[in-house]
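Student: here's a sequence, model it:
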Amino acid sequence: MEEVRIKPPYIKLGQLLKYLDLIETGGDEKDFLENVDVYVNNEIDRRRGRKVYPGDEVIINRQVYKIIERWF
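Tutor: Numbers count the residues shown, from 1 in each chain. Take a look at the predicted model:
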């Protein structure tokens, strides 16, 4: 499991994909989400605008990302 620290209160799923270097541009979000199963809290989600909050767990290609709050 990899911890991902975000500035509160949330990050959108599409922004998270860019932050993790899984896509290069915002235009790649739609294609990525159509072709790769992304789980947010054990449920498949394909919405680029899905808000991911600290405490959420995101699974992409069997890699687990735990979203953690960053205070600085």
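Student: when you work out contacts or count neighbours from here on, use the C-alpha atoms and nothing else.
Tutor: Noted.
Student: mind listing what the nearest residue to residue 34 once chain neighbours are set aside touches?
Tutor: Counting by CA to CA, 6 or more residues apart in numbering, residue 34 lies nearest to residue 46, which is 6.9 Å off, once chain neighbours are set aside. Neighbouring residues of residue 46 by CA atoms under 8 Å, 6 or more residues apart in numbering: 33, 34, 37, 38.
Student: apply 7 Å and report the result again.
Tutor: 33, 34, 38 (CA atoms under 7 Å, 6 or more residues apart in numbering).
Student: which of the helices or strands spans it?
Tutor: Of the helices and strands defined by DSSP states H and E, none includes residue 46.
Student: how close does it sit to residue 70?
Tutor: Note on residue 46: its distance to residue 70, by CA to CA, to the nearest Å, is 25 Å.
Student: for the closest residue in space to residue 40 that isn't next to it in sequence, helix, strand, or coil?
Tutor: Distances taken as CA to CA, 6+ apart place residue 58 nearest to residue 40, at 4.6 Å, with adjacent residues excluded. State at residue 58, reduced to three classes by DSSP: H, G, I helix; E, B strand; the rest coil: strand.
Student: confidence score at residue 58?
Tutor: Residue 58 is assigned 98 on the pLDDT scale.
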